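Participant: Need coordinates for the following:
(chains A and B)
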There are 2 protein chains.
Amino acid sequence: MADDPLVELAGRLQARCIARGITVATAESCTGGLVAHLLTEVPGSSGYFAGGVISYSDAVKRAELDVPAELLERHGAVSAQVAVAMADGVRTRLGTDLGIGVTGVAGPDGGSEAKPVGLVYVAVAGLGPADVRRLVWSGDRSANKRDSARAAIELLLARAEAGSTA
Amino acid sequence: MADDPLVELAGRLQARCIARGITVATAESCTGGLVAHLLTEVPGSSGYFAGGVISYSDAVKRAELDVPAELLERHGAVSAQVAVAMADGVRTRLGTDLGIGVTGVAGPDGGSEAKPVGLVYVAVAGLGPADVRRLVWSGDRSANKRDSARAAIELLLARAEAGSTA
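Facilitator: You can find the predicted model right below:
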């Protein structure tokens, strides 16, 4: 995968984080571990990447990421609020500077009128106020996962470049 | 990735687990999320896959997978004992029937005479006594991750086919 543009992007994130002493953790639902897989394709990723949680079920979101049950009930697992709570939860749990949260409907099943297949929320927490993006992809399951992972790494990179490390 | 043989293998695991009502969780160190990514490439994987923990650092192995510090000190993070503790830890934490643990040296750095690059331990826990395999790969980082992920999915499949669900 040396010629994968997403691994190249992960390499840029790694260089930036190591240069600034920034550590990262991942909380993934619909991407199912792909973000962490891409980050760890780059040799030396243990220099800034602590680890992550794949919270495919709501129970894991509550128990391992401290996402409040009330948030899941009120907004649903695929929501901006839960994405932020996942990012903040994994960052707090793993003691890193930055946390990324990804939650969405990868498809082909699980969509609804309000939350269609391809809807994904990506949130970053740490080194400033939490930031969240709402995205809607139109690919198949695998493409939606990749597009979401790219958005997550881009959001981390933007924060690693702009965020205060005070 | 529809033509990826590892996704096809994940599909066989999924069919077997759903047919037998077996749930699965992953604890990954050197594969960095790749096992979970492959499992979740298959539509409907939420029917048996609860989630997982990527424990890149020893601190995460202790705090999020309950791997005893004494085990890490005595045997090192790359050991049969820690692989079993990771598999058992994630299974207990996430409340699944099966847990898989993967720990090793993906390379190109981090190897030693006793624990060379390519050395990986893969363990399965649940539905019977824990089982662990010691493997030594000779590829690059990306190939070692893929070979380890294949071994992990094969070990899960063997247990899902043989294990008692009593």
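Participant: going forward, measure contacts and count neighbours with C-alpha atoms only.
Facilitator: OK.
Participant: where does chain A have low pLDDT?
Facilitator: Within chain A, the stretches with pLDDT under 70 are A:1-2, A:163-166.
Participant: residue at max distance from the center of it?
Facilitator: Distance from the C-alpha centroid of chain A peaks at A:Glu113, with 24.1 Å (Cα atoms, centre = their mean).
Participant: Give me the buried stretch members for stretch A:116-128, please.
Facilitator: A:116-127 (16 or more other Cα atoms under 10 Å in any protein chain shown).
Participant: picking up where we left off before, any idea which helix or strand carries the residue farthest from the centre of chain A?
Facilitator: According to DSSP states H and E, A:Glu113 maps onto no helix or strand at all.
Participant: How much space separates it from A:Ala63?
Facilitator: 29 Å (Cα to Cα, to the nearest Å).
Participant: do the same with A:Pro116
Facilitator: From A:Pro116 to A:Ala63 the distance is 26 Å (Cα to Cα).
Participant: Could you do A:Thr103 as well?
Facilitator: For A:Thr103 relative to A:Ala63 (Cα to Cα), the value is 16 Å.
Participant: Can you list phi and psi of the residue farthest from the centre of chain A for me?
Facilitator: With angles defined as degrees, to the nearest 10, A:Glu113 sits at phi -60, psi -40.
Participant: again with A:Ala69
Facilitator: According to degrees, to the nearest 10, A:Ala69 has phi -60, psi -40.
Participant: And for it, nearest residue in space, chain neighbours not counted?
Facilitator: Of all residues not flanking A:Ala69 in the chain, A:Arg62 sits nearest, at 6.4 Å (Cα to Cα, 6 or more residues apart in numbering or on different chains).
Participant: Give me the neighbour count for that neighbour.
Facilitator: Neighbour count for A:Arg62, taken as other Cα atoms under 10 Å in any protein chain shown: 19.
Participant: Go ahead and confirm it touches A:Pro68.
Facilitator: Yes. Using Cα atoms under 8 Å, A:Arg62 is in contact with A:Pro68, at 6.2 Å.
Participant: For burial, what's the neighbour tally of A:Asp109?
Facilitator: Neighbour tally, A:Asp109, other Cα under 10 Å: 12.
Participant: how much space between it and A:Ser142?
Facilitator: A:Asp109 is 13 Å from A:Ser142, by Cα to Cα.
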